[in-house]
Every structure is written in C-alpha cells, then in structure tokens.
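In: Any chance you could fold what I've pasted below:
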Amino acid sequence: MSGPLSGCRVIELAHIMAGPVAGLMLADMGADVIKVEKLNGDDTRRFVPPTINGESAAFLMMNRNKRGIVLDLKSEAGKAALKRLVESADVLIENYRLGTMEKLGLGYEQLSAINPGLIYCEVSGFGRTGPYAHRGGFDLIAQGMSGLMSITGEGPGREPVKVGAPVSDITAGIVAAMGIAAAYAHKLKTGEGQKVDTSLFEAAITHTYWQSAIAFATGEAPHAMGSAHPLNAPYQAFKTADGWINIGAANQANWERTLALIGAPELNDDPRFSSNAVRIQNREILADLLNAIVQHKTTAQWLAIFEEGGVPAGPVLTITEMHADPQALHRDMIVSTQHPVAGEVRTIGHPVKFSKTPGGVEKPAPLMGQHTRKVLGEAGFSSDEIAAMIASGAAVAAD
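Out: Residues are numbered from 1 along each chain as shown. This is a model prediction of the structure:
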C-alpha cells in the first residue's frame, strides 16, 4: 500500500462498523491493517441481503484494503498468536464490551507490557469511564441520547427521527482514526505508545455544535426543523417543478443575489426579511413565499440560474444518483475493486487526497481467513506450527 501511513501496522479486533471504519480509514491511508475475525466471522458477513455473488455487500464495503485472518481468541494458541502479532504492531483497535479483552488477557496493560510502543484504541458505546461505561452501544441509542434525534425530522411534536446514515458509528470510527494518527505521530517522536478511547456517544455529540451553542446561550433546547438551518435563512430545501433543490443563501450578499435571480427583489425591502435575524424569526413565511416561486421551474433550470449568479445551490440526489454524479466520480469517491468471489465490487473512495503520498482503495475485502497463513508466517510461525493451529481450530485459513 502507498499512502502517508505506509509502514504502520494495525491489528483490527473490531466488528460491524465503528471499529472497522477506523481500520478502513487507516488502510486507505496506507496502513497494513490485519483484520482478526472470530471463528464465525465479523457479524457484517451475515448482514444479508444484499449479496454480491454470495458475499455480503455490507462486509465488502467496510473491509476493503485490509488483510484478513481468523483466530480463536478463547484458545491459548489463538491468544499466543495474537500476542506474537502485537510484538511488531503499531496499533490495535478493539470494540468489545468493557472488560472482555482483559478477561482474555489481551487488555491494554497486558499487551503494552509486550509492546510499550503499542497504540491501543478502544471504540465503545459510551467510553471506558463514567457511569455508562458498562453499557453496550448502538448507533440508534447514541443518536437518541446525544440529542440528535430531537433535532432531526420535520418539526417539534412529531415522531423522533434518526439521521438516515449511522452517523455516530461512522463518526466514531473517523474520530478514532484521527486519535490513532495523532498518537502515531507522538510515537514516531518518542517511541511511546498509549491508549486512545472514544465512543459512539461522544461522536454523536460532536454533531450538535450549532444546537448546543444555541442552548448554551438561551437555555432552551432547539427542535427539529426539517431541512432548515437554526442560524441562517433561507438555507433549506425547496420544491421545484420536478424535484427538490437546496438553496444556501447563508449571508446577506447571497440573499440579495437570490432575490435578483428568482425575480423577487422587492422582498429585500420587506422588514420581515431585511436581515438574517428577522428572516430566522419569519422563516416559515419566507419559505412559503420562496416555494411559490421556485416550484415553477425544474431543478436543472434553477441550478443553471444559481450557478450563473453565484448562489450556492444543489439538487437533492438519491444514493444511486450520487453514485453517478460527475464530481463524485472525478474525486474518486466511487471506485471499484476486483474480489476473488464477488468479482467487480464498487465501493466508496477515501475522502482525503494527498499531493505527496496518495492513498486510496487498492484491495477488496478479504475472504474469511484469506491471509491467515501469510500473516502468521510473517510473525515467525513455521508452516508446521500454522498447520497445527488450523488443525486444532485455533486458526482458520481460506485455503
């Protein structure tokens, strides 16, 4: 692998999403990520349908660029093999329940004694300290407890709605990767490893910056506003003749440009809309007036008008429409890998581009135990030792 983290070795003892997202981010930036699966595999292998030639689409998405091995960490041979891998690793990622790794003899204190330079990243529901540390965590639970579900949806008094994507899971993985990269920079300067601890709960809370700022200032909890913005207006989705368009008139200059482009300059003289502060107070009245105008042209017509006039605007795309968007394609956000069973598999690309050390998606997700023999061999196990581990059930190999 190329990329800025080339040479960094990561052991991923994580399943489903948050931990694997962290591993995915590091792998896309060039780290050698070795995914250690349990005997029945990562749970996302069973997130079916859909499948691609029998392979879980969910697993293929979350685990590209990684090498895969299978170890029984409840067996002494499996634990010994993992400890051997840790000796030469820079990072270990785990997202098990509190105390699980310690009971296996694989907690931070135990493994850092083997490798003092080890960066040990724990991704959990609520963090490893505090009154909720013992609780398991899921994206839905974190979204609800962080306040996100109270600000998502059509408006106050409606049924709670979660963000469509599992944002606490995904963000926890991204935040974990950021923490690991920072700890790795410290290790390169000092040789010292450390523990990195983050959670779905904390990751979800970071999405409430604007609403928390409002609550801190006013003492009142903001509520759901559909597509509207709590601090800017107009800044939301409007119905066109054939779909929806987001218009971002997020400052006075863009507001005035918008009025000129839609043919309603007189609204600038209306005292209800003369400044952003009063537009926020009269947001619903303003939205009704703008919707009455916007609905008479198609999305494409409005996009051409707003682009020519310099007002930020964009269509509301479906996922499949986004996959075909020329900007997404140009930025390599939709890429393909060649999987030994599934064949050509499209996946989401890496969102950071580097001018000197480009990373990216180079390998498909591994088969169960695809790299068990190779990785254990690299760790110094002989072919006979590897065969014995496989025969005893302490390890599983694809071949």
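In: I believe residue 360 is in a helix; please confirm or correct that.
Out: No - Residue 360: not assigned to a helix; according to DSSP: H, G, I helix; E, B strand; the rest coil it is coil.
In: The nearest residue to it once chain neighbours are set aside and residue 176, how far apart?
Out: Spatial nearest neighbour of residue 360, chain neighbours left out: residue 350 (5.5 Å); criterion: Cβ to Cβ, 6 or more residues apart in numbering. C-beta: built from backbone N, CA, C; applies to glycine. Residue 350 is 16 Å from residue 176, where distance means Cβ to Cβ, to the nearest Å.
In: who's more crowded, the two?
Out: Taking neighbours as other Cβ atoms under 10 Å, residue 350 and residue 176 compare with residue 176 leading, 28 against 22.
In: Please, which helix or strand holds the closest residue to the more buried one other than its chain neighbours?
Out: Leaving aside its sequence neighbours, residue 176 sits nearest to residue 22 (Cβ to Cβ, 6+ apart; 3.9 Å). Under the criterion DSSP states H and E, the helix or strand holding residue 22 is helix 18-28.
In: Neighbouring strands of the next helix-or-strand element following that helix in the sheet, and parallel or not?
Out: Reading on from helix 18-28 to the C-terminus, the next helix or strand found by DSSP H and E is strand 32-37. Applying DSSP bridges, strand 32-37 is found paired with strand 9-13 (parallel), strand 67-71 (parallel).
In: could you give the mean pLDDT of stretch 326-335?
Out: Average pLDDT, stretch 326-335: 97.
In: out of the strands paired with strand 32-37, nearest to residue 327?
Out: Nearest to residue 327 among those is strand 9-13; the distance by Cβ to Cβ comes to 30.8 Å.
In: Could you list the residues in contact with that closest one?
Out: By Cβ atoms under 8 Å, 6 or more residues apart in numbering, the residues outside strand 9-13 that reach it are 19-20, 22-23, 26-27, 31-36, 66, 73, 82, 85-86, 88-96, 101, 106, 180.
In: Same question for stretch 255-269.
Out: So stretch 255-269 is contacted by 234, 247, 249, 273-274, 276, 279, 286, 289-290, 293-294, 305-306, 309-311 (Cβ under 8 Å, 6+ apart).
In: Okay, strands next: where are they in the stretch 201-350 of the chain?
Out: Taking DSSP state E, counting those that start in this stretch as the criterion, the stretch 201-350 of the chain carries its strands at 235-239, 244-248, 313-315, 334-339, 343-348.
In: Check the stretch 51-200 of the chain too.
Out: 51-52, 55-56, 67-71, 91-94, 119-124, 194-199.
In: For the fifth one, what is the distance to the chain centroid?
Out: Its chain's C-alpha centre lies 16 Å from the corresponding centre of strand 119-124 when counted by Cα atoms, centre = their mean, to the nearest Å.
In: One more: the first one?
Out: A distance of 22 Å separates the centroid of the chain from that of strand 51-52, by Cα atoms, centre = their mean.
In: can you check stretch 173-180 too?
Out: 10 Å.
In: Check what contacts it and list those residues.
Out: 10, 17-26, 91, 93, 119, 121, 123, 196, 198, 202-203, 206.
In: Spatially, and excluding backbone neighbours, which residue is closest to the residue nearest the centre of the chain.
Out: The centroid of the chain falls nearest to residue 170 when counting by Cα atoms, centre = their mean (2.6 Å). The spatial neighbour of residue 170 that comes closest, neighbours along the chain excluded (Cβ to Cβ, 6+ apart), is residue 21 at 5.6 Å.
In: from memory the one you found sits against residue 169, does it?
Out: Yes - between residue 21 and residue 169 there is a contact at 6.9 Å, judged by Cβ atoms under 8 Å.
In: got the CA positions of the helix ranked longest in the chain in PDB?
Out: Assignment by DSSP state H gives helix 167-190 as the longest helix of the chain. Once non-C-alpha atoms are left out, helix 167-190 reads as follows in PDB (Å, rounded to 0.1, in the frame of the first residue of the first chain):
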ATOM      1  CA  VAL A 167     -23.600   8.900  11.900                       C
ATOM      2  CA  SER A 168     -22.500   8.000  15.400                       C
ATOM      3  CA  ASP A 169     -20.900   4.700  14.200                       C
ATOM      4  CA  ILE A 170     -19.200   6.300  11.200                       C
ATOM      5  CA  THR A 171     -18.100   9.400  13.100                       C
ATOM      6  CA  ALA A 172     -16.700   7.300  16.000                       C
ATOM      7  CA  GLY A 173     -14.600   5.400  13.500                       C
ATOM      8  CA  ILE A 174     -13.300   8.600  11.900                       C
ATOM      9  CA  VAL A 175     -12.600  10.200  15.300                       C
ATOM     10  CA  ALA A 176     -10.800   7.100  16.400                       C
ATOM     11  CA  ALA A 177      -8.700   7.100  13.200                       C
ATOM     12  CA  MET A 178      -7.800  10.800  14.000                       C
ATOM     13  CA  GLY A 179      -6.900   9.900  17.500                       C
ATOM     14  CA  ILE A 180      -4.700   7.000  16.300                       C
ATOM     15  CA  ALA A 181      -3.000   9.200  13.800                       C
ATOM     16  CA  ALA A 182      -2.200  11.700  16.500                       C
ATOM     17  CA  ALA A 183      -0.900   9.000  18.800                       C
ATOM     18  CA  TYR A 184       1.200   7.600  16.000                       C
ATOM     19  CA  ALA A 185       2.800  11.000  15.400                       C
ATOM     20  CA  HIS A 186       3.600  11.000  19.100                       C
ATOM     21  CA  LYS A 187       5.100   7.500  18.900                       C
ATOM     22  CA  LEU A 188       7.300   8.400  15.900                       C
ATOM     23  CA  LYS A 189       8.700  11.300  18.000                       C
ATOM     24  CA  THR A 190       9.100   9.400  21.300                       C
END
